[in-house]
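[1] I'll drop the sequence and a predicted model, then ask my questions.
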2 protein chains.
Amino acid sequence: MDLKHVDKFAKEMIFEAGRRIRQSFSYDLKIETKSGANDLVTNVDRETELFFIESIKAFDATHKVLGEEGMGEKVHSLEGPVWIIDPIDGTMNFVKQHRHFFITIGFYVDGVGKLGYIFDVMREDLFCAIAGEGAWYNGSPLRKLQPLTIDEAVIGINASWVTPNKHINHEKIIELVRTVRGTRSYGSAAMEIAFVVSGKLDAYISMRLAPWDIGGGIVIAKEVGAIATNLNGQDCDLLNSDTFIIANPYIHHKIVEDYIEEK
Amino acid sequence: MDLKHVDKFAKEMIFEAGRRIRQSFSYDLKIETKSGANDLVTNVDRETELFFIESIKAFDATHKVLGEEGMGEKVHSLEGPVWIIDPIDGTMNFVKQHRHFFITIGFYVDGVGKLGYIFDVMREDLFCAIAGEGAWYNGSPLRKLQPLTIDEAVIGINASWVTPNKHINHEKIIELVRTVRGTRSYGSAAMEIAFVVSGKLDAYISMRLAPWDIGGGIVIAKEVGAIATNLNGQDCDLLNSDTFIIANPYIHHKIVEDYIEEK
């Protein structure tokens, strides 16, 4: 398979989807009510996923599509070429902020990540990677992540994971929050993953993410040396929801070993 | 005093400071080491504050300047015209992310807020207000904040305030985090305040902010109906550090009454 050819197709598709989503904000003044806003995001989410499915099937009808909205066929295995798609990651940001929401897409062949994309729809900022070739931010190569220690790290973690919860021992997470330089939370897993692969954050942790949240980011991670696993340190499951950590390689092991205690 | 005249001067000064700060990133490749990055932000912070002080003194030598870096005269009272200035809010974001840092400025006369500015340096996005005249985002009027309930709110709060701390009962904050729709944390008080006045967040809470973090935002808040107080619900102290909450007027009272219990 000519990955460069698939990559060119994917980028054109993503930029076109971005244009269509931004156009939906021209209806802005009509969606004063919250229910209107929620309907809008649901519609845009579905229309965008349908656009991706139709584009991909026209490109190659043998490719499968695993999407958040489930508009495509049911995907039960990663055999063959599979696209893993989130048409809008950060729907609450879409509704309230009109920024900080992302398209994210991974392209896998027989379960192996080949292409990854995280696209800031409003900024038209693209983080992307081709397996074995490298990763880029708007055409500039992303550097390998640099060494740092845990007390120098700024990590993405939602406040709710610092409170008692059924997934992990939150006392350990409190220790982590006190050890690092700072924490951030943006309301979009794709945004936090994009920030880790570009060195703007040093780790991002979540107790529950779906394959479409992480499928694109995992491919980019590998090219810059970031490590993405579940909170047991195992490879991510791309067919089911699971815990998730992506981190600078110099602190990934320490976070998982010293600060994560699953219940 | 002709506020429109002062406003025009302030905006020109802020945009020029932004240009100078962005230029500092042209030295980017030279600051590979962290100590280099820290030196850069310290230098840019100080140079920008000096630029503000010199500009203001040239505009009117009787105006006082209260700045984070303390480069101006000591300010012990808010008598007369006083500028309250933070040249770079979000220094860690400046160093690591090259985005999400802000200039924020308030202009007060005898302790009364007259002009307020929050400026996203990299985006060149300006949130501003003239007391009694209104507030704007890049020239478009900001709307009065709309009614909502606490369970619909997205609030800015750092994960560290959800852990046991000496300021407030964190168990109540855990309840708050569980009640609201979502939480965010951006690493810049000015950014979170700008998001509240523009309805992108519904509240922002901090256990410790300085006058220069909030001086500009308080003026903008008043024009859109946001309420800014300390965590006792009292007016903010503009000469000393204090706790802080800015919120949509429909939830401010409820948060302070039901979820804040100072120690």
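    Now that the structure is in, tell me what you want to look at.
[2] Near chain B, which residues of the stretch 51-200 of chain A? Just list them.
    Taking Cβ under 8 Å from any Cβ of the partner chain as the criterion, the stretch 51-200 of chain A approaches chain B at residues A:92, A:96-99, A:148, A:152, A:154, A:157-160, A:162-164, A:174, A:177-178, A:181-187, A:195, A:199-200. For every residue, glycine as well, the C-beta is placed using N, CA and C.
[3] what about the most centrally placed residue in chain A, helix or strand, and which?
    Nearest to the mean C-alpha position of chain A, by Cα atoms, centre = their mean, lies residue A:190 at 3.1 Å. Residue A:190 is part of helix A:189-197, with elements assigned from DSSP states H and E.
[4] Need the residues that contact whatever helix or strand comes next after that helix.
    Scanning forward in sequence from helix A:189-197 by DSSP H and E, the next helix or strand is strand A:203-209. By Cβ atoms under 8 Å, 6 or more residues apart in numbering or on different chains, the residues outside strand A:203-209 that reach it are A:153, A:155-158, A:161, A:165, A:167-168, A:189, A:192-193, A:195-196, A:231, A:241-248, A:251-252, A:255, A:260.
[5] Ok, stretch A:175-188 next?
    Stretch A:175-188 has contacts (Cβ under 8 Å, 6+ apart) with A:89-90, A:92-93, A:100-102, A:150-159, A:162, A:192, A:195, A:201-202, A:255, A:259, B:92, B:154, B:158-160, B:163, B:182-187.
[6] ChimeraX command to pick out the buried ones of these?
    Of those, the buried ones can be selected in ChimeraX as follows, counting by 16 or more other Cβ atoms under 10 Å in any protein chain shown:
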select /A:89,90,92,93,100,101,102,150,152,153,154,155,156,157,158,159,162,192,195,201,202,255,259 /B:92,154,158,159,160,163,182,183,184,185,186,187
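[7] give me the low-pLDDT residue ranges for the stretch 151-263 of chain A?
    For the stretch 151-263 of chain A, no stretch is flagged by pLDDT under 70.
[8] what ranges do the strands span in it?
    Listed in chain order, the strands of the stretch 151-263 of chain A (DSSP state E, counting those that start in this stretch) span A:154-156, A:182-184, A:203-209, A:227-229, A:242-247.
[9] Can you give me the domain boundaries for chain A?
    As assigned by automatic domain parsing, chain A contains the domains A:3-141, A:150-259.
[10] Turn the strands of the stretch 151-263 of chain A into TSV, columns for distance to residue B:123.
    As requested, the strands of the stretch 151-263 of chain A are arranged in TSV below (distance: least, Cβ to Cβ, whole Å):
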stretch	distance to residue B:123
strand A:154-156	20
strand A:182-184	18
strand A:203-209	23
strand A:227-229	29
strand A:242-247	26
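[11] I'd like to know which of these is closest to residue A:43.
    strand A:203-209 (24.0 Å; Cβ to Cβ).
[12] the inter-axis angle of that closest one versus helix A:189-197?
    Angle, strand A:203-209 to helix A:189-197, by axes from the mean of the first three to the mean of the last three Cα atoms, to 10 degrees: 150 degrees.
[13] Which SSE is immediately downstream of the lengthiest helix in chain A?
    In chain A, assigned by DSSP state H, the helix with the most residues is helix A:34-59. As assigned by DSSP H and E, the chain's next helix or strand after helix A:34-59 is strand A:64-67.
[14] and that next one, what other elements does it pack with?
    helix A:34-59, strand A:81-89, helix A:211-224 (3 or more Cβ pairs under 8 Å, 6 or more residues apart in numbering or on different chains; DSSP states H and E).
[15] ok, 6 Å please
    Secondary-structure packing of strand A:64-67 (3 or more Cβ pairs under 6 Å, 6 or more residues apart in numbering or on different chains; DSSP states H and E): helix A:34-59, strand A:81-89.
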